[in-house]
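>>> after the sequence you'll find the predicted model.
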Amino acid sequence: MRIHLGGSSRQSLVIARGKLDAAVKGATAANASELSSQLFFAADVLSKNTSIRRAFADPARDAASKGTLVKDLFAKSLASTALEILTDVSTLRWSAAGDLVHVLEQLAIEAEASAANINNELDRVEDELFETSQLVVDNFELRKALVGTGTPEAKAALITEVLSKKASASTVRLAVALVTSLRGRSIEAAFADYLFGLANRRNRLIAVVRVASVITDAQKSRLAAAIEKQVGQPIRVNIEVEPSILGGVSVKFADELVDGSVSNRLASAGRALAGNK
């Protein structure tokens, strides 16, 4: 998150993102967007109920009791995928109970970003949300209406009316979630959090490929297709030419590194040889 997370919460965010990756792998845009909506809902429930939030973050409660609590509270309102993610997240360790809400919001933003990515609209959504943030900052009356005492329904209707004619569906959904769940933040800070979340998902969908020499467009396409098949989502391939790797290919994607370069294999052989002396 753009906000500071303590050590345990930072580690839990990494794990939670892995759960989200698995959930959106091979999903349709509609399914990813529905997951986003349900994660936003769960974050909102926890943000408004201190006792539930503390129960979820209590390290003294075992995983089984937390799982039961999740089912008791959310089984009727969440689909199985969202319920599974929430159950998994509830068993992680948190530096502060409030961090759980921030991480659920982050996952919700990234789930909608995945929906946009499936529709090949992620760059568009980032641009549109940034433009919306500038529109709100520059328009005093609009900002006043969105941060004032109006009902969430009125604020949702207003931002939808402002955006729906030109913006993508994902942008509208994110903007509605933002203006109806500021949670004490300024609207500028909320936009910064959401844009940070979109950037995080985009970065997780970029494969950095290091090769010893320039590869052809056909080779790049085959490589992208192979990675996309593994990931279950469209990805962007960035090629870095690095003669020092000698040969082979090194691929870094999200939190994983697959290093098949000659230089890495030689280094590994050297370490093995040194270990045998």
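Alright, I've got the coordinates. Here the structure is a predicted model, which means the values were calculated and not measured. Numbers count the residues shown, from 1 in each chain.

>>> distance check, residue 230 against residue 251.
Note on residue 230: its distance to residue 251, by CB to CB, to the nearest Å, is 10 Å. All C-beta atoms are positioned from the backbone trio N, CA, C, and that covers glycine.

>>> more neighbours: those two, which one.
Taking residue 230 and residue 251 together and counting by other CB atoms under 10 Å, residue 251 has the greater number of neighbours (19 against 13).

>>> list the helices and strands the helix or strand where that one lies packs on?
Under the assignment given by DSSP states H and E, the secondary-structure element containing residue 251 is strand 249-253. Helices and strands touching strand 249-253, as assessed by 3 or more CB pairs under 8 Å, 6 or more residues apart in numbering; DSSP states H and E, comprise strand 206-211, helix 217-231, strand 256-259.

>>> just tell me which of the ones you listed ends up closest to residue 124.
Within the helices and strands packed on strand 249-253, the stretch nearest residue 124 is strand 206-211; the backing value is 16.6 Å (CB to CB).

>>> paired strands for that closest one, with orientation please.
Strand 206-211 has the following strand partners under DSSP bridges: strand 236-241 (parallel), strand 249-253 (antiparallel).

>>> I figured residue 160 hits residue 177, correct?
No - at 11.5 Å, residue 160 and residue 177 do not qualify as touching, with contact defined as CB atoms under 8 Å.

>>> neighbour-wise, which of those two wins?
For residue 160 against residue 177, the residue with the higher neighbour count under other CB under 10 Å is residue 177, and the figures read 24 against 15.

>>> which element, helix or strand, includes that one?
helix 169-179.

>>> what's the average pLDDT for whichever helix or strand comes after that helix?
Later in the chain than helix 169-179, the nearest helix or strand by DSSP H and E is helix 187-204. In this model, helix 187-204 has a mean pLDDT of 90.

>>> ok, now stretch 45-56?
What stretch 45-56 shows for mean pLDDT is 91.

>>> just how off-centre is that stretch within its chain?
The chain centroid and the centroid of stretch 45-56 are separated by 22 Å, computed with CA atoms, centre = their mean, to the nearest Å.

>>> contacts for that stretch next, please.
61, 66, 69-70, 73-74, 90, 97-98, 100-101, 104, 181, 183 (CB atoms under 8 Å, 6 or more residues apart in numbering).

>>> just stretch 201-220 next, same as before
So stretch 201-220 is contacted by 17, 21, 109-110, 113-114, 117, 122-123, 126, 223-224, 227, 231, 233-243, 245-254, 261-262 (CB under 8 Å, 6+ apart).

>>> give me the buried entries from those.
Restricting the contacts of stretch 201-220 to buried positions leaves 17, 21, 109-110, 113-114, 117, 122, 126, 223-224, 227, 231, 233, 235, 237, 245, 249-253, 261, with burial counted as 16 or more other CB atoms under 10 Å.

>>> hmm, back to that, of all the helices and strands packed on strand 249-253, which one is nearest residue 26?
Nearest of the helices and strands packed on strand 249-253 to residue 26, taken as CB to CB: helix 217-231 at 9.0 Å.

>>> angle of that closest one against strand 249-253?
Taking axes from the mean of the first three to the mean of the last three CA atoms, to 10 degrees, helix 217-231 and strand 249-253 form an angle of 40 degrees between their directions.

>>> alpha carbons only: can I get helix 217-231 in CSV?
Coordinates of each C-alpha in helix 217-231 appear next as CSV, following Å, rounded to 0.1, in the frame of the first residue of the first chain:
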residue,chain,number,x,y,z
ASP,A,217,9.1,-10.3,-32.8
ALA,A,218,8.0,-13.9,-33.4
GLN,A,219,10.2,-15.2,-30.5
LYS,A,220,8.8,-12.4,-28.3
SER,A,221,5.2,-13.4,-29.2
ARG,A,222,5.9,-17.1,-28.5
LEU,A,223,7.5,-16.2,-25.1
ALA,A,224,4.5,-14.0,-24.2
ALA,A,225,2.1,-16.7,-25.1
ALA,A,226,3.9,-19.2,-23.0
ILE,A,227,3.9,-16.9,-20.0
GLU,A,228,0.3,-15.9,-20.5
LYS,A,229,-0.7,-19.6,-20.5
GLN,A,230,1.0,-20.1,-17.2
VAL,A,231,-0.4,-16.9,-15.6
